[in-house]
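> Any chance you can model this:
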Amino acid sequence: MASRLAKAQACDAKLEGLEALLEAEQIDIKNAATQYTQIISDISFISDEGGRMLTSRSLLDGVSGEISYPESNQVIDNSINCLGWIEGHGPGLHIWLATEIGSYIWPKEGEIYVNSDGSWNKKIIEEGAKETFSLSLYVANKKANKKIRSWLDKADRTGDYSELRRPPGLRRITRVDNLHLKKPS
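Numbering: from 1, shown residues only. As a prediction, this is how the structure comes out:
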């Protein structure tokens, strides 16, 4: 057991190093893919309950959930107390709410923390939507989570909350469509 733990920790460190090389554009995708395959071959003992090799994608696909409030076709205030539930959420995965218009998303400040019973609640503010919009619940792997946090940090510094295309490693769990903000009286 100690040997396997040491191998898994070493693999984690190597993968983080490989990720850093990719982000710094010090290695091309082809070489990175080759190195990735070599690195994970050292941890072939890690698998899911069905005996399949664990991958970031399979972990993302194992998450399900709902947005209980708001519901589709609602007229809502710009301050929204969102509620829902999540199943299959585990370590290394992050849950986010984002407004969505077309192929663009605007992640909402702070990721969602899931209660022990799987429920969650999050108050968000929507100030940018002029027309109809959707509210989506997403699960993110480590890399997509880092991209969202970086986008939010930059937007907070500059005040520019320009649209974001969905990064790799971010999967939509569910979406509530056709939401409208109340018009000011």
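> List every C-alpha atom in stretch 133-148, with coordinates, as PDB.
The C-alpha trace of stretch 133-148 is given here as PDB (Å, rounded to 0.1, in the frame of the first residue of the first chain):
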ATOM      1  CA  PHE A 133     -30.300  33.900 -20.600                       C
ATOM      2  CA  SER A 134     -29.700  30.400 -19.100                       C
ATOM      3  CA  LEU A 135     -28.200  29.400 -15.800                       C
ATOM      4  CA  SER A 136     -25.900  26.300 -16.000                       C
ATOM      5  CA  LEU A 137     -24.400  24.000 -13.400                       C
ATOM      6  CA  TYR A 138     -20.900  22.800 -14.300                       C
ATOM      7  CA  VAL A 139     -18.300  20.400 -13.000                       C
ATOM      8  CA  ALA A 140     -14.700  21.300 -13.600                       C
ATOM      9  CA  ASN A 141     -11.500  19.400 -13.400                       C
ATOM     10  CA  LYS A 142      -8.400  21.000 -11.900                       C
ATOM     11  CA  LYS A 143      -7.300  22.600 -15.200                       C
ATOM     12  CA  ALA A 144     -10.700  24.100 -16.000                       C
ATOM     13  CA  ASN A 145     -11.100  25.300 -12.400                       C
ATOM     14  CA  LYS A 146      -7.800  27.100 -12.700                       C
ATOM     15  CA  LYS A 147      -8.900  28.700 -16.000                       C
ATOM     16  CA  ILE A 148     -12.200  29.900 -14.400                       C
END
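> Return the set of buried residues in it.
Within stretch 133-148, the residues scored as buried using 16 or more other Cβ atoms under 10 Å are 133-141, 143-148. In short, each C-beta sits where N, CA and C put it, glycine included.
> I'd like the average pLDDT over that stretch.
Average pLDDT, stretch 133-148: 93.
> which of the buried residues of stretch 133-148 sit farthest apart?
133 and 143 (26.2 Å; Cβ to Cβ).
> ok, now which ones touch the one residue sitting closest to the centre of the chain?
The structure's the chain has its C-alpha centroid closest to residue 140; by Cα atoms, centre = their mean the separation is 2.1 Å. Contacts for residue 140 (Cβ atoms under 8 Å, 6 or more residues apart in numbering) come out as 93-96, 111, 148, 169-171.
> Among these, which ones are in helices?
Among the contacts of residue 140, the members falling in helices (DSSP state H) are residue 148.
> okay, now the domains of the protein?
Split into domains by automatic domain parsing, the chain comes to 2-46, 59-181.
> Least reliable of these by average pLDDT, please.
Among these, domain 2-46 scores lowest, at a mean of 80.
> what's the helix or strand encompassing residue 9 in contact with?
Taking DSSP states H and E as the definition, one finds residue 9 inside helix 2-23. Helix 2-23 is contacted from outside by 27, 29, 32, 35-36, 39-40, 42-43, 45-46, 143, using Cβ under 8 Å, 6+ apart.
> So among these, which ones count as buried?
Using 16+ other Cβ under 10 Å as the burial test, those include 27, 35-36, 39-40, 43, 143 as buried.
> Since that was my last question, I'll sign off now.
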